[in-house]
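K.L.:
sequence first, predicted model second:
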Amino acid sequence: MIKEWATVVSWHNGEAVVSCDVKASCNSCASRAGCGSRVLNKLGPQMTHTISVPSAQPLVVGQKVELGIAEGSLLSSALLVYMSPLMGLFVMAALFQTLFGYDLAAMGGAVLGGVGGFLLARAFSPRLAAREAWQPVILSVSLPPNELRVETHTPDAGL
């Protein structure tokens with residue numbers, strides 16, 4: 001199970017809208033100084049993702065919840081998104097090269113196959129996303145922001 005903390009934006013009739021911050025792994029890498037990804041992450045806007053998750057427990061705006069999603073569903077969706085355009089690219093490039101015998105034809109077939117693979121992934125993704133096993137679930141709920149109060153008492157110096 002892949003876990004991530006999110007902040008509740010709203011809760012209504014058993015449906016919670018939560019916001020997850022996009023995190024870059026640029027602070028944990030040893031080559032921070034010469035990394036191009038770190039520079040690009042600083043240039044781009046800070047993004048958040050807002051999703052809707054079922055929750056029977058009433059939640060308060062600002063409350064933190066831990067979301068979880070199965071590894072298998074995440075890996076399957078990544079496989080669909082990345083491999084279908086790549087396989088389309090290679091298959092159509094090889095087919096056009098075999099049929100026409102020109103590199104320009106193979107390049108055109110590669111472009112057509114890549115776009116076709118992308119469209120195929122785009123067509124299948126809503127069906128796969130509708131599966132219940134592919135939906136994020138709330139694993140744990142923290143205290144509401146106004147519930148935690150810490151009081152400290154200092155002992156008397158004279159006693």
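P.N.:
Looks like it arrived, so ask away.

K.L.:
low-scoring stretches of this structure, by residue?
P.N.:
Low-confidence segments of the chain (pLDDT under 70): 22-47, 148-150, 156-159.

K.L.:
top helix in it by residue count?
P.N.:
Of all the segments assigned as helix in the chain under DSSP state H, the longest by residue count is helix 71-100.

K.L.:
beyond that one, next helix or strand please.
P.N.:
Tracing the chain past helix 71-100, the next element assigned as helix or strand by DSSP states H and E is helix 103-129.

K.L.:
C-terminal to that following helix, what's the next element?
P.N.:
Tracing the chain C-terminally past helix 103-129 and defining elements by DSSP H and E, one meets strand 137-141 next.

K.L.:
buried ones in that following strand?
P.N.:
138, 141 (16 or more other Cβ atoms under 10 Å). All C-beta atoms are positioned from the backbone trio N, CA, C, and that covers glycine.

K.L.:
before we move on, the earlier item: which elements pack onto the longest helix of the chain?
P.N.:
Helices and strands touching helix 71-100, by 3 or more Cβ pairs under 8 Å, 6 or more residues apart in numbering; DSSP states H and E, are helix 103-129.

K.L.:
centre of the chain versus the helix it packs on, how much separation?
P.N.:
Centroid separation between helix 103-129 and its chain, computed with Cα atoms, centre = their mean, to the nearest Å, is 22 Å.

K.L.:
any idea of the angle it forms with helix 71-100?
P.N.:
Using axes from the mean of the first three to the mean of the last three Cα atoms, to 10 degrees, the inter-axis angle of helix 103-129 relative to helix 71-100 is 150 degrees.
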